[in-house]
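*Asks:* got a structure for you, letters missing:
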């Protein structure tokens, strides 16, 4: 199961159910994908194919919607 948290432009922010316990978010784009840790702060965990500008855009979105992502995580996986 791949619950989508939100879409913004060409980005899709989502979770892989039961992947691992550390809070994180996956980001999909037609050019590639990335994974960001959410705690203790937003940090790039992995990038496959995204340019540095796309990574910055994705990180900016994750930062601006961090609470929404955390709330969705807690809803899906428990706090």
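*Replies:* Structure's in. What do you need? The model shown is predicted, which means the values in this text are computed figures rather than measured ones.

*Asks:* helices along the chain, start to end?
*Replies:* 52-64, 66-77 (DSSP state H).

*Asks:* quick one: the ones you listed as CSV, columns for mean pLDDT too.
*Replies:* Below are these laid out as CSV (pLDDT from 0 to 100):
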stretch, mean pLDDT
helix 52-64, 97
helix 66-77, 90
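
*Asks:* include distance to residue 3 when you put the ones you listed into CSV, please.
*Replies:* Quick note: C-beta positions are derived from backbone N, CA and C, even for glycine. Shown next, in CSV, are these (distance: least, C-beta to C-beta, whole Å):
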stretch, distance to residue 3
helix 52-64, 16
helix 66-77, 6
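
*Asks:* which of those sits closest to residue 22?
*Replies:* Closest approach to residue 22 among the helices of the chain is made by helix 66-77 (10.4 Å; C-beta to C-beta).

*Asks:* ok, residues contacting the closest one?
*Replies:* 3, 5-6, 13, 15, 17, 21, 23, 25, 38, 42, 62 (C-beta atoms under 8 Å, 6 or more residues apart in numbering).

*Asks:* now the residue nearest the centre of the chain: how far from residue 47?
*Replies:* In the chain, the residue lying closest to the centroid (C-alpha atoms, centre = their mean) is residue 25, at 2.7 Å. Residue 25 is 13 Å from residue 47, where distance means C-beta to C-beta, to the nearest Å.
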